[in-house]
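A.B. asks: sequence plus predicted model, see below.
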Amino acid sequence: MTAYVDLLSKLTLEEKAALCSGITSWRTTSIKRLGIPSIFLSDGPHGVRRERADSGFGNVFAEALPATCFPPAVTLASTWDRELCYAVGKALGEECLDLKVDVLLGPGVNIKRSPLCGRNFEYMSEDPYLAGEMAVGYIDGVQSNGIGVSLKHFAANSQEFRRMTSSSEVDERALREIYLSAFEKCVKKSSPYTVMCSYNRINGVYAAENRRLLTEILRNEWGFDGIVVSDWGAVTDRVAGIKAGMNLQMPTANGATDAEIVTAVRRGDLDESELDGVVKQILELIDKCVQARRHDYKADFDAHRELARKVAREGAVLLKNDGILPIDKHANLAVIGELAKKLRSQGSGSSRLNPLKENSFVDYLNEIGFPHTYAKGYDSLTDETSEALIEEAKKAATGADVVLLFIGLTDAFESESFDRKNLDLPEAHIRLLRALKRVNPNIAVILTGGSPSDTSYSDEVRAILNVYLTGEAGGEAVYDLVFGDYNPSGKLAETFPSDISDNPMSEFYEREIAEYRESIFVGYRYYDTAKKAVAYPFGHGLSYTTFEYSGLLISTPEIAEGDSVNISFDIVNTGSRAGAEIVQVYVSAPKTEVFVPEKELKAFDKIYLEPGEKRRVQLTLAPEAFMFYDVTDGAFRAIDGEYVVRVGASSADIRLTSTLKVNGKEHTPDYRQLAPDYYSLPELKHYSLSSFSAVLGRPPEKYVQPKKGEYTMLTCCGQLNDGFLAKLVQKSAYKYSILLLPKGVPYSQIKMTRAGALEMPIRNMAAMSDGDVSVRTAEGLLDLVNGKLFRGLWKMFTGFIKKQPSKRERFPD
C-alpha cells in the first residue's frame, strides 16, 4: 500500500489547504481523488466520548456512544501509580479501536496553579514531575494500541476565565520549570502522536500562532515529530499558525481558513514549502492511524469497569481518620446526603461522556441487599436543603453506630468554561453536617469534588474520605473502602489550602491578563518555602495501617552535573492490615543567589506490604533532580553545593534525610541585580510590578475594556458592555446558547454552555458554526455592535444569502 505521505507531491494547493482543517467537528478532511481517508478524533481524557452523529459544532454535546467512564485525572493522579495509568490508557485505546476512534484528546497536564480552576478535574497535579510521570504511563498505554493521544493544553492554560483571549504572563524560569516540564517529559519519553495547543496567549502571543512554543521549543529542542492540533476554536490567524507550526485546525471552519491559506500562498505571503511541511506531518499521522485500525475489534467493557473500580479505590485519599473507618459490616449504618445516591462520576464540559453503567453508593447497597438507612439531606441539583430534609436526616442519624455523610462540590460548582470563586462547599451541606453533629458525633464524611474545597469542618467529624470524582463504578469503590475490603492508599496530588487568600496567585487570578507573579512558587513549593500552614499538604494520605521508614543510603557522596544517583531505604508495615504506601523523595537545593523552593518532588514509588513485611526500596534521582533553568545560559544547570535528599510520606511528613554534594555551576547569576525582590519572593508571595517586568524583559500586557467602536473579532461576548446592541448580543448569547444543547442534559452542561458563550470571541461564531454563520455575517455583527448599523445589516444580509458550499460538498468521502 502506498503511504499517504508519498502523495504529497500530487496534492493541489487547495487540497493541501483543505487537509489543514477538519471536515466536521471530529474528522479530518479526506481527499477522495487520491484515496486519502479522514481520521476520527474524539474527546477524552477519562473515557471515549464518541458522538453518534458526525456533525459540525452546531449541536453541542450531542449524544455519545456508551463507553467506560474511568475516574478523571484528578483521581487517577492521586493513585501515584504509573502501572495503573498505563492500564487505564491501554483500556482507553482498546475502546477507541472498538468505537472507531483514531486519536483520543488527552491527557491534560496543565499545572493546577489555583485550586479554583474549573477544569482542574481534567488535570493531574500542581507538581510537574508527578503530572509528567503519570501522563507518560497513560500515553504509553493508549498508544500501545496504535491509537494516538493529544497531549493538552499547550501551554500555561491555568484558568477558564477569558480562556480564549487571556494572556498568561509568565517568566522564563517558571515557564520551563513548572508549566512546560510535564509536556517536555511526555514528548521525550512517549512521543505523543499529537499535541493540542491551548486557547490562551503566552506572553502576548496566541498558542496557535506561537512559533517559539510550537517549533523552536516543541520540535527543535524536544524533538517532537507528531502534529499540533488546535483546541476547538483556538485559531485566530490561520496563516500565522501555519508559519508557527500549527498543523490541524479543529473543528471545521467550513473551508474559510483553507481559502486564507490558498490566498496567502498565491500572494507570496506564505511559502508553499512551509505548507508542505505542515501537510507532510498530517499525512504521516493519517498513515499511522489507518494502519492501526482493527475493524472487527471488540473491547472488554466488563474488565474495564473493574479497572475503573480499582482506580476509584486507589485514587481515594483518606484525609482524616480517628479509627471510625473501616466500618464493621454489622454496624447500624445511616447514609445521608443525596451525593450518596447521585455520586459524581465525572466533571462537566467537553469531556463528559455517556457511561455504560453508573452505580452510586446507595445503588450498590441496594443491589447487594446491605442494610442501611438513607436520608436525602439536601437537593444536589439546587444545593438547597429544608427543615423537612434536615429533620428526616437527623431521624436517620439518631442511634446509628456510624453516619456516612456524603457532601462535596456538586456539578454546578465546577466545570469547563468557568472557575470557582472560592473554596466553599454548598451552604446546605455544612448546615446539614452541623445539624447531624447535634444528634450523633460518629460522622465519617465522604467528600466528592474535582478539586480542593474548604475542610474547616474537619474538627467536627471523625473521618474524611476524599473520593474526588469516582468514575462509573464509584458506588462499589466506596463500599470497598469504608468497610475495609481494601485499604485506602491514595495521596493528594495537590494541596488543600486553609484559605484561598493564602495562595500567592489569589490577587492575580481570573484576570484578562493573568500575571504569574508567584513564578516557580506554585502549590507546596510556596506553602513549604513560606512556612504557610495548610489544611492538608501535597502528598498526604492516611491508611488503615502504619509504615515506618529507616536506613536511607545514597550510592555516592558526590556527583557531577548531569549525573544520576541511586538511593535506598527500608520501609516496613507496622500495622495489622496489608496496605500500600507511596514513598516520596524530595530534593532541597543549596541556598545561593538563585532562589529555590524549600523542596521539590523528584522521585516516588508505590510499595505494597503485608502486615509486618519489610522491603528495601531503591530509587534513582535523575540528573534533572538537581537542576534549575538558568535564564542566562538558556539551559538547565545544577547549582554547585550540598543538596538535601528527603524521604517522606508527604511534603510535610519527612521521615529520613541525607546530603549529597553536586559539582555544578559555581558562579550562578545574582538575580537580585535583575529584580530586587527576587530572593525574598516566597515571603512577599509574588513579585512587585517592577521586578516582574524585569524578569519578563518587558512590562506585562495591559487589559483595556473595549468600548463601542473599539470591538474587534477577538472581543468576547462577555465584554460587550457598551451600547444597546452590544448588550443585546451579549444577553442573547447567554440566553439562547442552550438551544444548541440536546434535550435532557444536566444543569451543569447548561451552566457551562452559557458561560462558554460569554467567553467566546465574535470570530468563533463563524469558526465554530460549521458554515451556518459565515465570516461576513460575523463581521456584520461586529459592525452592528460598533454602532455601524446599516453596514452591519448589509453584511449580515449578504452573508446569509451568499453562503459558500459546505466543505463536505467540496471534499466528499
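C.D. replies: Yes, it's here. Numbering: from 1, shown residues only.
A.B. asks: helices of the stretch 401-550 of the chain, start to end?
C.D. replies: 427-437, 474-482, 524-529 (DSSP state H, counting those that start in this stretch).
A.B. asks: what's the distance between the residue positioned nearest the centre of the chain and residue 110?
C.D. replies: With distances taken as Cα atoms, centre = their mean, the residue of the chain nearest its centroid is residue 123 (2.4 Å). As defined by Cβ to Cβ, to the nearest Å, residue 123 lies at a distance of 5 Å from residue 110. Glycine gets a C-beta too; all of them are placed from N, C-alpha and C.
A.B. asks: please apply the same query to residue 582.
C.D. replies: The value you get for residue 582 to residue 110, if Cβ to Cβ is used, is 23 Å.
A.B. asks: the two: which is more packed in?
C.D. replies: A direct count of neighbours by other Cβ atoms under 10 Å for residue 582 and residue 110 places residue 110 higher, at 26 against 21.
A.B. asks: what's the burial count for the residue nearest to residue 333 when sequence neighbours are not counted?
C.D. replies: Leaving aside its sequence neighbours, residue 333 sits nearest to residue 372 (Cβ to Cβ, 6 or more residues apart in numbering; 4.5 Å). Residue 372 is flanked by 17 other residues according to other Cβ under 10 Å.
A.B. asks: residue 372 touches residue 365, doesn't it?
C.D. replies: Yes - at 5.4 Å, residue 372 and residue 365 qualify as touching, with contact defined as Cβ atoms under 8 Å.
A.B. asks: which neighbours do the two have in common?
C.D. replies: Counting by Cβ atoms under 8 Å, 6 or more residues apart in numbering, the contacts common to residue 372 and residue 365 are residue 335.
A.B. asks: the bottom helix or strand of this structure by mean pLDDT?
C.D. replies: Lowest on mean pLDDT, DSSP states H and E among the helices and strands of the chain sits helix 681-684, with a mean of 67.
A.B. asks: so how far is the following helix or strand past it from its chain's centroid?
C.D. replies: Per DSSP states H and E, the first helix or strand lying C-terminal to helix 681-684 is helix 689-696. Its chain's C-alpha centre and that of helix 689-696 lie 28 Å apart, by Cα atoms, centre = their mean, to the nearest Å.
A.B. asks: ditto for stretch 642-651
C.D. replies: Computed by Cα atoms, centre = their mean, the chain-centroid distance of stretch 642-651 equals 27 Å.
A.B. asks: and for stretch 424-432?
C.D. replies: Remark: stretch 424-432 is offset 26 Å from the chain centroid, using Cα atoms, centre = their mean.
A.B. asks: buried residues, it. List them.
C.D. replies: Buried residues in stretch 424-432, counted by 16 or more other Cβ atoms under 10 Å: 425-426, 428-430, 432.
A.B. asks: nearest to residue 524, of those residues?
C.D. replies: Using Cβ to Cβ, residue 425 comes nearest to residue 524 of the buried residues of stretch 424-432, at 22.7 Å.
A.B. asks: could I get the helices of the stretch 401-550 of the chain as JSON lines with distance to residue 563 and mean pLDDT?
C.D. replies: Shown next, in JSON lines, are the helices of the stretch 401-550 of the chain (distance: least, Cβ to Cβ, whole Å; pLDDT from 0 to 100):
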{"stretch": "helix 427-437", "distance to residue 563": "52", "mean pLDDT": "98"}
{"stretch": "helix 474-482", "distance to residue 563": "42", "mean pLDDT": "98"}
{"stretch": "helix 524-529", "distance to residue 563": "24", "mean pLDDT": "95"}
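A.B. asks: what's near enough to touch residue 451?
C.D. replies: So residue 451 contacts 74, 112, 115-117, 120-121, 409, 414, 420, 494 (Cβ under 8 Å, 6+ apart).
A.B. asks: only alpha carbons, please: show stretch 804-813 as PDB.
C.D. replies: Output of stretch 804-813 as PDB, limited to C-alpha atoms (Å, rounded to 0.1, in the frame of the first residue of the first chain):
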ATOM      1  CA  GLN A 804     -20.400  29.200   0.100                       C
ATOM      2  CA  PRO A 805     -21.000  25.500  -0.500                       C
ATOM      3  CA  SER A 806     -20.100  23.400   2.500                       C
ATOM      4  CA  LYS A 807     -16.700  21.900   2.700                       C
ATOM      5  CA  ARG A 808     -18.300  18.400   2.900                       C
ATOM      6  CA  GLU A 809     -19.800  19.000  -0.600                       C
ATOM      7  CA  ARG A 810     -16.400  20.100  -2.000                       C
ATOM      8  CA  PHE A 811     -14.500  17.300  -0.300                       C
ATOM      9  CA  PRO A 812     -16.900  14.300   0.000                       C
ATOM     10  CA  ASP A 813     -15.800  11.000   1.400                       C
END
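A.B. asks: now it: average pLDDT?
C.D. replies: Averaging pLDDT along stretch 804-813 gives 84.
A.B. asks: can you check stretch 313-329 too?
C.D. replies: On average, stretch 313-329 scores 98.
A.B. asks: can you give me the end-to-end distance of it?
C.D. replies: Start-to-end span of stretch 313-329 (Cα to Cα, to the nearest Å) is 18 Å.
A.B. asks: next one: stretch 380-389
C.D. replies: Stretch 380-389 has an end-to-end distance of 12 Å (Cα to Cα).
A.B. asks: and if you look at stretch 495-506?
C.D. replies: End-to-end distance for stretch 495-506, by Cα to Cα: 15 Å.
A.B. asks: follow-up on the earlier one: out of the buried residues of stretch 424-432, which one sits closest to residue 398?
C.D. replies: Using Cβ to Cβ, residue 432 comes nearest to residue 398 of those, at 14.2 Å.
A.B. asks: does that closest one really touch residue 379, like I thought?
C.D. replies: No - using Cβ under 8 Å, residue 432 is not in contact with residue 379; the gap is 11.2 Å.
A.B. asks: any residues in contact with both of those two?
C.D. replies: The overlap between the contact sets of residue 432 and residue 379 (Cβ under 8 Å, 6+ apart) consists of 385, 389.
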